[in-house]
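Student: have a look; sequence and predicted model below, questions after that.
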Amino acid sequence: MATLKHINSKNADYGAAEQYLLFEHDEFTMKPVLDETGRLIPREDYRLSTLNCGGEDFAVACMRANLRYEKNQRREDVKSHHYIISFDPRDGPDNGLTVDRAQALGEKFCAEHFPGHQALVCTHPDGHNHSGNIHVHIVINSLRIEEVPFLPYMDRPADTKAGCKHRCTDAALRYFKSEVMEMCHREGLYQIDLLNGSKNRVTDREYWAQKKGQAALDKQNAPMIAGGITPRQTKFETNKEKLRQTIRAALSAATSFEDFSSLLLREGVAVKESRGRLSYLTPDRTKPITARKLGDDFDRAAVLAVLEQNAQRGVTVHSVPQPQTHAAGAAEKTEALSIKDQLRADRAAKTAPKEDGVQRLVDIEQKMAEGKGRGYERWAAMHNLKQMAATLNVYQEYGFTSPEQLEAAVDTAYQEMRQTSGELKTLETKLQGKKELQRQVLAYAKTKPARDGLKAQKSEKARAAYRQAHESDFIIADAAARYFREHGITKLPARKALQDEIEQLVSKKSGLYNTYHEQKQRYAELQTVKRNIDQILRRSEPRRRKEQSHER
């Protein structure tokens with residue numbers, strides 16, 4: 001899934017941003033990495049482009065603009081804004097996302113949402129966590145050098161004027177997240193709902209604490225791994241992550257809130273409820289951790305929902321099961337990997353194409369007739385044996401007892417997929433209508449000073465001269481008014497309410513989008529199973545007849 005992160009910077013050295021994008025940096029200290037001769041080490045692969053710099057270097061163009069408008073001269077001024085769009089590692093093998101394609105998407109996103117700002121757009125093929133996630137950096141000068149149209153995230157006239165600065169408010173960041181979701185939907189990429197929280201909420205501080213703790217643990221374990229000894233602990237966990245595991249363990253065994261509280265108390269965790277919100281106090285803290293800081297799975301509504309489900313299933317309350325340590329899993333490994341080997345293995349596992357699904361059987365006779373050799377025949381025979389076994393496993397997992405049941409399930413899966421597709425198209429049409437209405441409302445609002453100025457004119461001659469002097473504004477206003485009349489809109493909606501409605505539609509679309517893809521995958525799997533079953537039955541039918549005739 002794509003994510004969006006924002007960082008503002010007060011560093012007056014704009015060249016430092018470009019240096020970070022072009023050269024290797026230590027992920028913890030953020031200082032450049034030097035080679036044996038003390039020189040910077042260039043990154044292995046990247047794409048870099050500039051926008052609105054007039055052919056100049058990004059740093060030079062930004063400093064010229066700051067001097068021209070006399071902005072960003074104080075130490076406390078925010079000099080630049082850094083946005084990072086990180087794509088899902090699976091988008092490469094599954095959806096054909098490349099570094100060049102991601103760069104093009106980043107440039108388009110920057111041009112649409114940060115017009116009038118000098119910008120750097122740079123794409124890297126991998127993150128510092130070595131997960132293989134392609135990500136795009138967008139660095140913009142906080143100063144705007146051109147007047148721009150009124151955009152949905154803007155809330156005051158100064159946000160459109162040249163010589164004024166970009167502001168990343170909470171509303172603006174929500175808007176950018178919704179636009180990232182829309183971009184991924186449009187491009188057929190993996191995406192989750194960025195607007196309604198997450199099950200596990202990990203802050204930057206916790207993320208880096210985990211990274212630093214893991215690095216220290218790896219360094220401590222390195223001598224043991226080199227000596228062929230399996231370390232007792234190979235995975236570092238933050239205190240918040242340990243708390244999450246303790247809460248989940250208690251939730252899995254409790255049937256009521258009292259049971260849940262008592263099970264946590266056995267582990268030294270006190271759960272408190274205040275004004276409908278839960279918080280958790282661990283023995284090493286004096287201030288409780290709110291559920292909001294842990295994730296949506298730990299708030300009051302989610303906890304009560306799980307407890308209700310447990311009560312309906314009749315879960316028996318036991319002592320809290322201890323989370324399985326990573327050491328047990330590590331002991332099962334036949335050989336220990338070095339840190340770099342482990343990173344490469346993790347990356348390969350995340351980015352490798354899916355091969356565990358059922359695949360089509362190969363028609364060996366047809367392929368041999370097309371001129372395939374003996375080597376291909378041996379491979380195809382082995383492939384067919386594996387896929388026959390996988391097909392029968394899926395057939396049994398779904399509980400089918402006859403090919404007719406399987407065919408009915410394929411038809412049902414197809415109808416469900418078509419229904420969701422229809423709902424998705426209807427929602428998309430509604431969303432586009434709301435966005436067009438928003439565009440017209442914003443355009444009409446931008447012309448308000450010109451319309452107010454026209455009302456202030458005393459004579460017809462003065463009004464005609466004024467209208468001619470502001471002709472472009474009145475063309476936009478007349479077009480927007482015509483749009484409102486054609487759609488029967490007599491009262492313009494509030495801009496914030498309209499944006500909230502659009503965000504709700506985007507969030508709903510994200511859920512439908514993911515449901516549709518799951519249904520599509522299920523339909524494809526069932527269809528493959530059906531074809532394989534048909535092929536198996538067709539091949540076994542003549543053999544059965546031959547055996548029967550031989551017995552006679």
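Tutor: Cool, got the structure.

Student: residues touching A443, list them.
Tutor: A443 makes contact with 149-150, 476-477, 479-480, according to CB atoms under 8 Å, 6 or more residues apart in numbering. C-beta here means a position set from N, CA and C on the backbone, and glycine is covered the same way.

Student: quick check: mean pLDDT of the helix or strand where it lies?
Tutor: Secondary structure assignment for A443, by DSSP states H and E: helix 403-446. Helix 403-446 carries an average pLDDT of 91.

Student: L454 versus F484, what's the distance?
Tutor: Separation of F484 from L454 (CB to CB, to the nearest Å) stands at 18 Å.

Student: thinking again about what came up before, closest one to H137 out of the contacts of A443, please.
Tutor: Nearest to H137, judged by CB to CB, of the contacts of A443 is P149 at 25.0 Å.

Student: make sure the closest one is actually in contact with E112.
Tutor: No: applying CB atoms under 8 Å, one finds P149 not in contact with E112, separated by 10.6 Å.

Student: quick one, what contacts T29?
Tutor: Neighbours of T29 in contact, by CB under 8 Å, 6+ apart: none.

Student: grab the nearest non-local neighbour of T98.
Tutor: If the residues on either side of it in the chain are set aside, T98 comes closest to G92, at 7.3 Å by CB to CB, 6 or more residues apart in numbering.

Student: now the one you found: how far from A381?
Tutor: Using CB to CB, G92 is found at 32 Å from A381.

Student: what about these two, which has more around it?
Tutor: Between G92 and A381, counted using other CB atoms under 10 Å, the more crowded position is G92 (21 against 11).

Student: make sure I have this right: the more buried one is in a helix.
Tutor: Yes: assessed by DSSP: H, G, I helix; E, B strand; the rest coil, G92 belongs to a helix.

Student: what's stretch 513-530 in contact with?
Tutor: 185, 191-192, 357-360, 391, 394-395, 398, 403, 406-407, 409-410, 413-414, 416-417, 420-421, 424.

Student: quick one, which of those are buried?
Tutor: 185, 191-192, 358, 391, 394-395, 406, 409-410, 413, 416-417, 420, 424 (16 or more other CB atoms under 10 Å).

Student: who's in contact with R531?
Tutor: Residues in contact with R531 (CB under 8 Å, 6+ apart) are 360-361.

Student: same thing but at 10 Å, please
Tutor: For R531, the contact set (CB atoms under 10 Å, 6 or more residues apart in numbering) comprises 358, 360-361, 391, 410.

Student: mind picking the two most distant members of those residues?
Tutor: L361 and V410 (16.6 Å).

Student: measure W208 to G399 for me?
Tutor: Counting by CB to CB, the gap from W208 to G399 is 47 Å.

Student: that should have said V136, apologies.
Tutor: 45 Å.

Student: neighbour count: these two, which is higher?
Tutor: When V136 and G399 are compared for neighbours, V136 comes out ahead with 24 against 8, by other CB under 10 Å.

Student: F87 is in contact with that one, correct?
Tutor: Yes: at 8.0 Å, V136 and F87 qualify as touching, with contact defined as CB atoms under 10 Å.

Student: okay, and the common contacts of those two?
Tutor: 2, 102, 105, 123.

Student: so where's the stretch 151-300 of the chain shaky on pLDDT?
Tutor: Low-confidence segments of the stretch 151-300 of the chain (pLDDT under 70): 197-198.

Student: so A250 touches E258, yeah?
Tutor: No: between A250 and E258 there is no contact under CB under 10 Å: 11.8 Å.

Student: the two: which has the busier surroundings?
Tutor: When A250 and E258 are compared for neighbours, A250 comes out ahead with 24 against 10, by other CB under 10 Å.

Student: so where's the longest helix in the chain?
Tutor: helix 495-551 (DSSP state H).

Student: chain center to it: distance?
Tutor: The chain centroid and the centroid of helix 495-551 are separated by 24 Å under CA atoms, centre = their mean, to the nearest Å.

Student: what angle separates it from helix 403-446?
Tutor: Here helix 495-551 runs at an angle of 160 degrees relative to helix 403-446 (axes from the mean of the first three to the mean of the last three CA atoms, to 10 degrees).

Student: tell me the mean pLDDT over helix 495-551?
Tutor: 77.

Student: list the buried residues of the helix or strand hosting L243.
Tutor: Secondary structure assignment for L243, by DSSP H and E: helix 239-253. By 16+ other CB under 10 Å, the buried positions in helix 239-253 come out as 240-241, 243-244, 246-247, 249-251, 253.
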